Each structure stands twice: as structure tokens, then as C-alpha cells.
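Q: Just to be clear, the model below is a prediction. Sequence and coordinates:
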Amino acid sequence: MERLATTPFGGARMRADIFSLQAAIARRQQVLKKGEGNDDSGSADKWQLLRALTEARDAYGLSDRTLCVLEALTSFHGERVLDGRDPIIVFPSNTELSLRARGMSPATLRRHLALLVEAGLIMRRDSANGKRFCRRDDNGAVESAFGFDLAPLALLAAEIHAHAETARARAKAMQALRMEITLHLRDIAKTIQAALMEQRSGQWTDLADRLAALSGRISRAADMDGLKMRRDALLSLRNQVENTYLESLSEQEMSASESDFERHIQDSNIEYKSESMAPEKSTAKIVPDERQAVAETQDMQLSLKQFLQACPDLSAYNRDTIRSWNDVAHTADFVRGMLGISQEAWGKARRAMGDLGAAVTVAAILQRGTDIRSPGGYLRDLTGKAEAGRFSVYPMIRALGGEGRSGNILQ
């Protein structure tokens, strides 16, 4: 009777792949029953298996709706574990199966069931009249059943989990590629923006056009090869943009950069008093005029605690907790590069506002985020106001602390 039930009911014809699958399943079940399956038990937790199959669905050409039908079918098996050593036949009516498949129409159900059969995840066990049912003995145990056999799904558990692991690794690699592409786009755009604001020599318009051609939203359907090609093109463009920018720097700017680098590496013992804006003396001569620093301190009337409350975003760019004005100065120096503020603009701001005034201003610009379209140009404007005596740090920080948030606060 079991052999007669292997052919499909009605107009569906017997195919070689169906016969081959049934023969392979029968051989596999015999091996497992003899205990010759080594580490393969032929059984699996159905919910874990469905989750893995969801991750590996591309390997089997399954859609989310096809998986929904398979989940509905497995829900008719009372046990949590699918044991593929014997047939696992479920026999729901079309009405009940439709309800568990979120109200799917009969025609759509038939289409997705056929896809599951073609994928080799289930087998049909059709009765003589094509109906799904079971026969029970006098004790209520199932003697024979006709419907869908879930044993192939259980026997494919190891393969499905392997495909799921591959899919997870691929998804992780694609996520890393997407992040790399985003970072390249941001860094190239900010470098070109800084060069245009500073009127640097170079083919910046052509470079901007090339960037525009590589920009745009990264499609969710993009494949690995497409992402790699875009990443490589952006990496090549980034190298050209950065080299062009470096070539545009004057000897004075280059020597200033090297001097600043030497100071950061060799003389990092710059200290500021914890609650006073007056910096201590240091061999690095961060503050060129001590009287200017004292005047700046009196003008700011600002404690470190007040500053950190008004500009909390700066702390995210320091490896440790900001505990001193020295930390503020060094962190602001790091952040200004990320904001696209050139060394030249930074130097002018420090001379006009004082080192701490410039650091606090950069922190405020960072805190404003996307409200300021060009941080470098904005700092240059504030520097000009500071040189004319029309800029004060304390009102700016007070506004960030909650007063006058609307409008342009850095006046």
C-alpha cells in the first residue's frame, strides 16, 4: 500500500525527480534505522529548522509565503522534534491549512505546496481519491495516513543549517561592505567640501562629479560583486582626492601639521585646571599669551561641568572620560579634522579665540550636528567676529544648555 501511494493523485504525472527523491529518502531512513548514520540522527527541532531555512531560503529558491505554508504544515505535527527515520505525515484539510497560512487562497496554497515538493522539502502521500486523512486502530493509534510527508525536511536538517551558516557569513560580509562604502562616501565628500571652501588648487569639480556618479542609496538588492566594484571605485577615488588635497597644501601648512604632530606625540603633558579656564604653563606653548588666557577665562565664566552638560557629544570622541580642559582641547583638535575644519582655519580660530575658546567653539559646532552645513566655513565666520571683538563663548554655551535653541545660536 505504501508503494502504491507514492504516485500523485489526479492529473499530476509521476516524474523522475519525484521517484528519485522517494527512493533516496527510503534508503536514508533504512540507514538511520540500522544506526549507521554516524552523527546524523535524522531528527531536528522543527522551529529551529524553520528559522535556519528562513536564513537559507535563497539556496532553495523559497519566498516568504512559501515558508509560511511550510510553517503551517509543520504546525500540524504535534511533536516539537521532527524524526525523519519514519514518515511524518500531516493531513490537514484545505480549509484548516488556509487558516494557519494566514487566510491564503486555495489556488495560492496549491502553488506554494508544489514549490515545496519541487525543492525536495516535503513529499506527497496521496490517497486513492486524493483526500487527506488517516486510519486509526481500535486504540486510536494511526495505522495509515495520507497527506504531506515532512520526513525530507527533517533529513535535510544538516544541509539546511550549513546553508544558513553560509548565508549569515555572506550577510555579515555584505554589511561590512555597505559600511565601508558609506565611510568612503562621507570622507570623500567632506574632503572635497573642505577643498572647495578653502579654494584649494585641483580638479575638484571633476572629482565631485565622479563622486556624484558613485553616490546614491545602496540598494537592498545589491549583490556582493556589485558592492565590491563600488567599494573599489570609491577607494580609488578617495586616494586621488586625498593626494590632491595634500598636494595643495603649502610648505607652511605642511610644516605646521608636522609641528602639531610632534607636539601631540612628544609633549602630551598639557594640563588645565579642572574648574578654571586658565591653562597651566607648558613647554608646548599651547597658549601663546598667558594674559590672553586669563582674559579669556574671565570672559567665559564657564566651568567644566557646565561645558560637558551643554556639549555632551564631544565625550564620545574621547577614549576615556573627559576630566580636564586638557582633555577638551585635545579631543576638539581631533574632532575638528572629522568635521572638515582645515589646519589653517583651526590655527586662526585659536589665535583669535584662544586655545580653549576655539576648542569650546568646535565642541558647540559638533553639538549642533546637521544644523551647520559647513563647519569649516562657519568656524571661519566666527573667527572673523572674534577678531572684531563681536564673539563670546559663554552665550553660545548657555544657548546650547537650553536657552535660545531656536535659530542661529552662535552669534
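A: Thanks, I have the structure now. As the structure is a prediction and not an experimental result, all values here were calculated from the model. Residues are numbered from 1 along each chain as shown.
Q: what's Arg102 in contact with, if anything?
A: By Cβ atoms under 8 Å, 6 or more residues apart in numbering, the residues touching Arg102 are Cys68. All C-beta spots, glycine's among them, are computed from the backbone N, C-alpha and C.
Q: Pull up the gap between it and His112, please.
A: Arg102 sits 12 Å away from His112, going by Cβ to Cβ, to the nearest Å.
Q: between the two, what contacts are shared?
A: Overlap of the contact sets of Arg102 and His112 (by Cβ under 8 Å, 6+ apart) consists of Cys68.
Q: Would you mind checking which helix or strand in this structure has the lowest mean pLDDT?
A: Every helix and strand of the chain was ranked by mean pLDDT, DSSP states H and E. The lowest is helix 290-300, at a mean of 48.
Q: Beyond that one, next helix or strand please.
A: helix 304-310 (DSSP states H and E).
Q: so after that following helix, what's the next helix or strand?
A: Next along from helix 304-310, by DSSP H and E: helix 325-338.
Q: Quick check: buried residues in that following helix?
A: 325-333, 335-336 (16 or more other Cβ atoms under 10 Å).
Q: other SSEs contacting it?
A: Applying 3 or more Cβ pairs under 8 Å, 6 or more residues apart in numbering; DSSP states H and E, we find helix 325-338 packed against helix 251-266, helix 304-310, helix 355-368.
Q: give me that answer again for 6 Å
A: Helix 325-338 is packed against helix 355-368, with contacts defined by 3 or more Cβ pairs under 6 Å, 6 or more residues apart in numbering; DSSP states H and E.
Q: nearest to Ala364, of the buried residues of helix 325-338?
A: Taking Cβ to Cβ as the measure, Ala364 sits nearest to Ala332 out of these, at 9.9 Å.
Q: show me the contacts for that closest one.
A: Neighbouring residues of Ala332 by Cβ atoms under 6 Å, 6 or more residues apart in numbering: 359, 362-363.
Q: 10 Å instead, please
A: Ala332 makes contacts with 311, 314, 317-318, 339, 341, 346, 355-356, 358-366, as judged by Cβ atoms under 10 Å, 6 or more residues apart in numbering.
Q: quick one: the longest helix seen in the chain to chain centroid distance?
A: Ranked by residue count and defined by DSSP state H, the top helix of the chain is helix 157-197. With Cα atoms, centre = their mean, to the nearest Å as the basis, helix 157-197 stands 7 Å off its chain's centre.
Q: What's the first helix or strand after it?
A: Next along the chain after helix 157-197, taking DSSP H and E as the criterion, comes helix 204-214.
Q: Tell me the first helix or strand C-terminal of that following helix.
A: Assigned by DSSP H and E, the successor of helix 204-214 is helix 224-248.
Q: Just the buried positions in that next one, please.
A: Within helix 224-248, judged by 16+ other Cβ under 10 Å, the buried ones are 227, 230-231, 234, 237-238, 241, 244-245.
Q: Equivalent analysis for stretch 312-320, please.
A: Across stretch 312-320, burial judged by 16+ other Cβ under 10 Å covers 314, 318.
Q: now what about it, what contacts it?
A: So stretch 312-320 is in contact with 307-308, 321-322, 327-328, 330-332, 334-335, 338, 359-360, 362-364, 366-369, 400, going by Cβ under 10 Å, 6+ apart.
Q: Quickly note the distance from Leu382 to Trp325.
A: Going from Leu382 to Trp325 by Cβ to Cβ gives 20 Å.
Q: brain fart, Ala194
A: 27 Å.
Q: Same question for Pro375.
A: Taking Cβ to Cβ, one finds Pro375 at 21 Å from Trp325.
Q: mean confidence for the top strand by length along the chain?
A: Ranked by residue count under DSSP state E, the longest strand found in the chain is strand 142-149. Strand 142-149 shows a mean pLDDT of 82.
Q: For it, which residues meet the burial criterion?
A: 145-149.
Q: do stretch 187-207 as well
A: So for stretch 187-207, counting by 16+ other Cβ under 10 Å, buried means 187-198, 200, 202, 204, 207.
Q: From start to finish, how long is it in a straight line?
A: 13 Å (Cα to Cα, to the nearest Å).
Q: contact partners of that stretch?
A: Against stretch 187-207 from outside (Cβ under 10 Å, 6+ apart): 208-212, 214-215, 234-235, 237-245, 247-249, 337-342, 344-345, 373-378, 380.
Q: Could you rerun that using 6 Å?
A: Taking Cβ under 6 Å, 6+ apart as the rule, stretch 187-207 contacts 208, 211, 238, 241, 244-245, 248, 340, 342, 374, 376-377.
Q: For it, give the mean pLDDT please.
A: 89.
Q: try stretch 103-115
A: The predicted model assigns stretch 103-115 a mean pLDDT of 92.
Q: in it, what counts as buried?
A: 104, 109, 112-113, 115.
Q: mind checking how far it is from the chain centre?
A: From the chain centre to the centre of stretch 103-115 is a distance of 35 Å (Cα atoms, centre = their mean).
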